[in-house]
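Peer 1: Quick one: sequence and predicted model below, then my questions.
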Amino acid sequence: MEQEQTKRIVLGITGGIAAYKAAELLRLLMKQGIEVQVAMTEAACHFITPATMQGLSGKPVFAGQWEAGAANGMAHINLSRAADAIVIAPATADFIAKLAHGLADDLLSALCLARNCPLLVAPAMNREMWLNAATQRNIAQLLADGVRVLGPDSGVQACGEEGMGRMLEAEDLARDIAAFFQPKPFTGKKILITAGPTYEAIDAVRGITNRSSGKMGYAIAQAALELGAEVVLVSGPTALARPRGAQVVDVVSAAQMFGAVKQHAGDCDVFIGVAAVADYRVAQPSEQKIKKSSDALTLELLPNPDILAYVANLPDPPFCVGFAAESENLMEYAEQKRRAKKLPLLVGNLAQRAIGSDDNELVLFDGSGSHVLPRAGKLALARQLMQHITQRYEGAQK
Ligand code: C5P
């Protein structure tokens, strides 16, 4: 994550079974360069020990109202003044009720009441507790008070029941918290992204496809969401989790991808074509499985429409970004492709280093030359790429 200065948060842990996830959350936040001060309720200490949180954060943990941690005994004031945000994860139904009513009978609720920084809460509770009218009233109150509510998620719960109320996974929370601190240059803007491969049927069971995991396109969708954009992700078949908050349009063939893109291209501000679209489709796919024989089989292939070129050639095109996966001569072929498709920005990568991998190395080509984004995780690269797109997009608007 690119940050101008180190962000500081108070991570407040309340007494629910999801408290065990707070240790991983703390680790992930610190990995993103965020400074974390932990404060725990007494109940939380029954689920995870202050020693664990102290060991991970490298700082004493505030766990009681009356401890002498702050010289003037004003821990409830001092802690929040030093923070850029307070994050309560997990936030139990009881603690949410306290927040909604402005109670302050322990250190954590007192410091929430005394804060002058944003408050984010990650609810975690049994589904009936979550659905209870009292909890829903309290959540509505928190939202009305400007508190950010992260989750909850649905799924299997510690009690064995299934439904809404699970705390978001640590990874999702860390991502949401990092995103919270980022500027939102794309608020009110729509970014359309294609990702993954397309699949062109030969018959009922066979097809032509490209090797593409979709990981880069999905990471870019995530990074675009973090910058405040409305994201439409047109995705070929992948096994990836959908980025929360994106509108995902599932497609299979290039023709379907083209159809979905046409629907959204008219009112999007940025189009990023990451998909590995099959260049050809079978002229007459068979509805039934073609029987094997010892004869040669000839398939007639027709070229697919170039989706990116179509969008780039619209009368009032969005800011278009293309991808080029080359297996050799990346610098030469990618710049040629950028010019041929009349794109302000093209992202090149070497196919053999990128496909399926969790990390990658990118070369950005624009009118002013090339710029390398060194090898890193795909989400980290996607965030850097989105920074670059932001600058170019804003430049193009002037
Ligand atoms: O020409 P080439 O397929 O290498 O160009 C790659 C770029 O064009 C990628 O951004 C890809 O998503 C896009 N593309 C497309 N429709 C096609 C072929 C490629 O949008 N039929």
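Peer 2: In hand now; what should we look at?

Peer 1: residues from the stretch 151-300 of the chain in reach of the ligand?
Peer 2: 194, 254, 273-275, 277 (Cβ under 6 Å from any ligand atom). Where C-beta positions appear, they are placed from N, C-alpha and C, glycine not excepted.

Peer 1: can you tell me which of those are in helices?
Peer 2: Among these, the members found in helices (DSSP state H) are residue 254.

Peer 1: wait, what's in contact with residue 260?
Peer 2: Shown in contact with residue 260 (Cβ atoms under 8 Å, 6 or more residues apart in numbering): 234, 249, 251.

Peer 1: just for this protein, where's the confidence low?
Peer 2: Low-confidence segments of the chain (pLDDT under 70): 1-4, 65-76.

Peer 1: Got the domain ranges for it?
Peer 2: Domain assignment for the chain by automatic domain parsing gives 8-181, 190-285+296-397.

Peer 1: Pull the contacting residues for residue 361.
Peer 2: Per Cβ under 8 Å, 6+ apart, neighbours of residue 361: 349-350, 353-354, 372-376.

Peer 1: what's the burial count for residue 362?
Peer 2: 23 (other Cβ atoms under 10 Å).

Peer 1: doesn't residue 381 make contact with it?
Peer 2: Yes. Using Cβ atoms under 8 Å, residue 362 is in contact with residue 381, at 5.7 Å.

Peer 1: Show me whatever sits in contact with both of those two.
Peer 2: Shared contacts of residue 362 and residue 381, counting by Cβ under 8 Å, 6+ apart, come down to residue 373.

Peer 1: Name the nearest of the contacts of residue 361 relative to the ligand.
Peer 2: Checking these against the ligand with Cβ to the nearest ligand atom, the nearest one is residue 349 at 10.9 Å.

Peer 1: For ChimeraX, write a command that selects the buried ones of the contacts of residue 361.
Peer 2: Here is the ChimeraX command that picks out the buried ones among the contacts of residue 361, judged by 16 or more other Cβ atoms under 10 Å:
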select :349,350,354,373
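
Peer 1: now the strands for the stretch 101-250 of the chain?
Peer 2: 119-123, 148-149, 153-156, 162-166, 190-195, 199-201, 207-209, 230-235, 247-250 (DSSP state E, counting those that start in this stretch).

Peer 1: Most tightly packed of those strands?
Peer 2: strand 190-195 (a mean of 28; mean count of other Cβ atoms under 10 Å).

Peer 1: orientation of it relative to strand 230-235 in degrees?
Peer 2: 20 degrees (axes from the mean of the first three to the mean of the last three Cα atoms, to 10 degrees).

Peer 1: Convert strand 190-195 to PDB, retaining C-alpha atoms only.
Peer 2: Output of strand 190-195 as PDB, limited to C-alpha atoms (Å, rounded to 0.1, in the frame of the first residue of the first chain):
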ATOM      1  CA  LYS A 190     -17.400   3.700 -13.100                       C
ATOM      2  CA  ILE A 191     -14.600   1.300 -14.100                       C
ATOM      3  CA  LEU A 192     -15.300  -1.600 -16.400                       C
ATOM      4  CA  ILE A 193     -12.800  -4.500 -16.300                       C
ATOM      5  CA  THR A 194     -12.600  -7.700 -18.200                       C
ATOM      6  CA  ALA A 195     -10.800 -10.600 -16.600                       C
END
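
Peer 1: Run through who's touching it.
Peer 2: So strand 190-195 is contacted by 214, 216-218, 220-221, 224, 229-236, 238, 257, 261, 264-265, 267-275, 277, 307, 318 (Cβ under 8 Å, 6+ apart).

Peer 1: Identify the residues contacting residue 244.
Peer 2: 172, 225.

Peer 1: cool, and the one 5 residues further on?
Peer 2: Residues in contact with residue 249, defined by Cβ under 8 Å, 6+ apart, are 232-235, 260, 264.

Peer 1: farthest-separated two in the residues you listed?
Peer 2: 235 and 264 (12.8 Å; Cβ to Cβ).

Peer 1: Going C-terminal from the host helix or strand of residue 376, what's the next secondary structure element?
Peer 2: Using DSSP states H and E, residue 376 sits within strand 369-377. Toward the C-terminus, strand 369-377 is succeeded by helix 378-397 as the next helix or strand (DSSP H and E).

Peer 1: how about that next one: buried residues?
Peer 2: Applying 16+ other Cβ under 10 Å to helix 378-397 flags 378-386, 388-390, 392-393 as buried.

Peer 1: any chance of those in a markdown table, with distance to residue 15 too?
Peer 2: What follows is those, written out as a markdown table (distance: Cβ to Cβ, whole Å):
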| residue | distance to residue 15 |
| --- | --- |
| 378 | 37 |
| 379 | 32 |
| 380 | 35 |
| 381 | 39 |
| 382 | 37 |
| 383 | 35 |
| 384 | 39 |
| 385 | 41 |
| 386 | 38 |
| 388 | 44 |
| 389 | 43 |
| 390 | 41 |
| 392 | 48 |
| 393 | 46 |
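
Peer 1: what's the closest of the residues you listed to residue 14?
Peer 2: Nearest to residue 14 among the buried residues of helix 378-397, with distances taken as Cβ to Cβ, is residue 379, at 29.0 Å.

Peer 1: Now the buried members of the contacts of strand 190-195.
Peer 2: 214, 216-218, 220-221, 224, 229-236, 238, 257, 261, 264-265, 268-275, 277, 307, 318.

Peer 1: In the stretch 51-200 of the chain, what residue spans correspond to helices?
Peer 2: Secondary structure of the stretch 51-200 of the chain, counting by DSSP state H, counting those that start in this stretch: helices at 75-81, 93-101, 107-113, 127-131, 133-144, 170-181.

Peer 1: Mind putting the ones you listed into TSV with mean neighbour count?
Peer 2: Below are these laid out as TSV (neighbours: other Cβ atoms under 10 Å):
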stretch	mean neighbour count
helix 75-81	19
helix 93-101	21
helix 107-113	22
helix 127-131	17
helix 133-144	14
helix 170-181	20
